[in-house]
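J.: turn this into a model:
(4 chains)
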Protein chains: 2
Amino acid sequence: MNTLRMTSDLRRELILAAAKRCFARTGFAGTTTKSIAAAASISEGLLFKHFPSKSALYAAILAEECEADPALVTLLGLPPSTETLVVLIRGMVGHFLQASDAPDEEEAQRLRLMVISHLDDGEFSRLLYDKIGELIAPVFTASLQRAVETGDASKVGREPLNLFWFAHHTVLMTMLTRLPVVPCLSYADAPDLERQVCEFILRGIGLNETAIASHLDRELSPELMPLKAAESA
Amino acid sequence: MNTLRMTSDLRRELILAAAKRCFARTGFAGTTTKSIAAAASISEGLLFKHFPSKSALYAAILAEECEADPALVTLLGLPPSTETLVVLIRGMVGHFLQASDAPDEEEAQRLRLMVISHLDDGEFSRLLYDKIGELIAPVFTASLQRAVETGDASKVGREPLNLFWFAHHTVLMTMLTRLPVVPCLSYADAPDLERQVCEFILRGIGLNETAIASHLDRELSPELMPLKAAESA
DNA sequence: TCGGCGTGAGTAATCACTCACCTGTCCGAT
DNA sequence: ATCGGACAGGTGAGTGATTACTCACGCCGA
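T.: The predicted structure is shown next:
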């Protein structure tokens, strides 16, 4: 096979990348170590020189996936405001929905791993949710409160963070329906889907129509446009 | 093993039920025919007398799962109105969220199979979504339109059915986070979660605050209470 | 020449699936 | 009544293929 020599670290990363693709495509049980080795263009023997078992390899992938995205962190530095709130939601929606039809394999794999975890013991998902929550909670709740104060939103419920999770759920499930090569669900007016999801969510968290319209019609500022927002799932 | 004699049809059903449990718990690849046979308390040999292959057994389960729920159908006969709209959403939310912490294994299995399908080729999910859409589209769109006409809702977007799907997504993903024995996500004020999700969704589809409050504070009529609504996933 | 990268032919276990055979029950011929 | 045999449901010990994982050895740069 691959008779090329390289450092242990690089090889390890190559194996991880190949294995992630495999696991995301066919799940843990559905993936064979043979197929991983083939995907990484190495022998099975070498694979087991780097990882003591298939499970350990899987665990390493999940652990690696838990790291936060720097691009998201910059977003979280924004001052609390209605604008920030909309940018946040819009970024999240855009990020996931573009990932679902663009060849953004990276994010699709992450979703697959996360969903698989839900069906399993949920531990990986729990870690991710914890991390996302910690990161996003301050900005989200502060921004929502500001929006209420400025009259852009009506205060709804006593648990603002739950609202964020509902929004997150909506987007994730929408992405999930578009994950298979032939989508599970054909939305009406699909080109406009991103906008429709944004509106649904912003209404859901309490923003009023005028605030939604005025903010969504605005163009996103360039440095937020390619936006890897709400990463880490 | 089980030396009990019984009819072929009954045995077949018992196998299907046992296999459904297995597949829902560990997925297709993760389930062995041996474990299915054990779950059904029969020999592997007998299993293959009833189904020609593991795949055929799996296909039979998915096919069986595609049938519509009569309880839902009665709900769909309701006259289009804001009330009906709220009852529909409320029923859907209640049904899935109760299923996620009650021992309603039945619905949990259905969700698992559906999610697994999303990760696979999505064909099973597509069938289910088609069926749900056909059933619910008339009542939902008509009721939403009525709500707009009576001033209970503002008309939002040109694609009312998409709004239903967003609602569906929100609920399903919420249920998914509560699927593992230790939930992936700990919501604030969890006892009130059902209500919070309902409000989020109803705001999302355009209902105004007063309409939401007045309808949600109402008790559900008894015949709709144990509500197997929005079944078929 | 030594240590680490890399291989490919193993191995025991497990997989989906088969097959020869057992056991009870029905039923017509005696 | 009672044989007897056809036939159903049911079993458990197989089958070859595939699985995760190991190991003895080859190779190459320092």
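J.: the longest helix that chain A contains close to chain B?
T.: In terms of residue count, the longest helix belonging to chain A (DSSP state H) is helix A:123-149. Yes - in this structure, helix A:123-149 sits against chain B according to C-beta under 8 Å from any C-beta of the partner chain; the contacting residues are A:S125, A:R126, A:Y129. For every residue, glycine as well, the C-beta is placed using N, CA and C.
J.: show me what counts as buried in the helix or strand of chain A with the lowest mean pLDDT.
T.: Each helix and strand of chain A was given a mean pLDDT (mean pLDDT, DSSP states H and E); the minimum falls on helix A:70-75 at a mean of 75. Of the residues in helix A:70-75, those scored as buried under the neighbour-count criterion (16 or more other C-beta atoms under 10 Å in any protein chain shown) are A:A71, A:L72, A:L75.
J.: list just the nearest of these to B:A39.
T.: A:L72 (43.6 Å; C-beta to C-beta).
J.: quick check: closest non-adjacent residue to A:P80.
T.: Setting aside the residues directly before and after it, A:P80 is nearest to A:A142 in space (C-beta to C-beta, 6 or more residues apart in numbering or on different chains), at 3.6 Å.
J.: that neighbour and B:W165, how far apart?
T.: Computed with C-beta to C-beta, to the nearest Å, the distance linking A:A142 and B:W165 is 31 Å.
J.: out of those two, which sits in the busier spot?
T.: Taking neighbours as other C-beta atoms under 10 Å in any protein chain shown, A:A142 and B:W165 compare with B:W165 leading, 24 against 16.
J.: ok, and the closest non-adjacent residue to the more buried one?
T.: Once flanking residues are discounted, B:W165 sits nearest to A:L185: 6.3 Å by C-beta to C-beta, 6+ apart.
J.: centre of the chain to the very next helix or strand once past the longest helix of chain A, how far?
T.: For helix A:123-149, the following helix or strand on the C-terminal side (DSSP states H and E) is helix A:160-177. A distance of 11 Å separates the C-alpha centroid of helix A:160-177 from that of its chain, computed with C-alpha atoms, centre = their mean, to the nearest Å.
J.: what does the following helix or strand past helix A:160-177 contact?
T.: Tracing the chain C-terminally past helix A:160-177 and defining elements by DSSP H and E, one meets helix A:193-204 next. Helix A:193-204 is touched from outside by A:86, A:89-90, A:93-94, A:97-98, A:163, A:166-167, A:170-171, A:174, A:187, A:189, A:209, A:211-212, A:216, B:156-157, B:159, B:162-163, B:166, B:170, B:200-201, B:203-206, with contacts defined as C-beta atoms under 8 Å, 6 or more residues apart in numbering or on different chains.
J.: residues contacting A:C22?
T.: Applying C-beta under 8 Å, 6+ apart, one finds that A:C22 lies in contact with A:T31, A:S35, A:I36, A:A39.
J.: whichever helix or strand the third one is part of near DNA strand C at all?
T.: Assessed by DSSP H and E, A:I36 sits inside helix A:33-39. No - if you take C-beta under 7 Å from any atom of the strand as the test, helix A:33-39 misses DNA strand C, and the best it gets is 7.7 Å.
J.: in chain A, which residue sits closest to DNA strand C?
T.: Checking chain A residue by residue against DNA strand C with C-beta to the nearest atom of the strand singles out A:G45 as nearest, at 2.2 Å.
J.: ok, then the element right after the helix or strand harbouring that residue?
T.: If you go by DSSP H and E, A:G45 is part of helix A:44-50. Heading C-terminal from helix A:44-50, the first helix or strand you meet, by DSSP H and E, is helix A:54-65.
J.: is DNA strand D contacted by that following helix?
T.: Yes - contact between helix A:54-65 and DNA strand D is present through A:K54, A:S55 (criterion: C-beta under 7 Å from any atom of the strand).
J.: how big is the angle separating that helix from helix A:123-149?
T.: Orientation note: helix A:54-65 sits at an angle of 20 degrees relative to helix A:123-149 (axes from the mean of the first three to the mean of the last three C-alpha atoms, to 10 degrees).
J.: related to what we said a few turns ago, turn the buried residues of helix A:70-75 into a markdown table, columns for distance to A:D120.
T.: As requested, the buried residues of helix A:70-75 are arranged in a markdown table below (distance: C-beta to C-beta, whole Å):
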| residue | distance to A:D120 |
| --- | --- |
| A:A71 | 28 |
| A:L72 | 25 |
| A:L75 | 30 |
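J.: do any residues in the helix or strand hosting A:A24 lie close to DNA strand D?
T.: In this assignment (DSSP H and E), A:A24 forms part of helix A:8-30. No - contact between helix A:8-30 and DNA strand D, assessed by C-beta under 7 Å from any atom of the strand, is absent, since the two come no nearer than 7.7 Å.
J.: for that helix, which positions count as buried?
T.: If you call a residue buried by 16+ other C-beta under 10 Å, then helix A:8-30 has these buried ones: A:11, A:14-30.
J.: neighbour-wise, which of the residues of helix A:123-149 next to chain B leads?
T.: Neighbour-wise, the residues of helix A:123-149 next to chain B (other C-beta under 10 Å) top out at A:S125, 26 neighbours.
J.: please tell me how far that one sits from A:L111.
T.: As for A:S125, its distance to A:L111 is 11 Å (criterion: C-beta to C-beta).
J.: repeat that for A:D217.
T.: Applying C-beta to C-beta to A:D217 and A:L111 gives a distance of 29 Å.
J.: now do A:L76
T.: From A:L76 across to A:L111, the span is 21 Å (C-beta to C-beta).
J.: more neighbours, the two?
T.: Each of A:L76 and A:L111 had its neighbours counted (other C-beta under 10 Å), and the higher figure belongs to A:L111 (20 against 17).
J.: quickly list the domain ranges of chain A.
T.: Partitioning chain A according to automatic domain parsing yields domains covering residues A:8-64, A:70-224.
J.: what is the end-to-end distance of the shortest one?
T.: Domain A:8-64 stretches 17 Å from its first residue to its last (C-alpha to C-alpha, to the nearest Å).
J.: thinking again about what came up before, what pLDDT, on average, does the longest helix of chain A get?
T.: When pLDDT is averaged along helix A:123-149, the result is 94.
J.: what angle do it and helix B:160-177 make?
T.: Interaxial angle of helix A:123-149 relative to helix B:160-177 (the same axes, to 10 degrees): 130 degrees.
J.: how far out from the middle of the chain is helix A:123-149?
T.: 14 Å.
J.: same check on stretch A:186-196?
T.: 20 Å.
J.: buried residues, that stretch. List them.
T.: A:Y187, A:L193, A:E194, A:R195, A:Q196.
J.: packing partners for the helix holding A:I36?
T.: Using 3 or more C-beta pairs under 8 Å, 6 or more residues apart in numbering or on different chains; DSSP states H and E as the contact criterion, the secondary-structure elements in contact with helix A:33-39 are helix A:8-30, helix A:44-50.
J.: since that was my last question, I'll sign off now.
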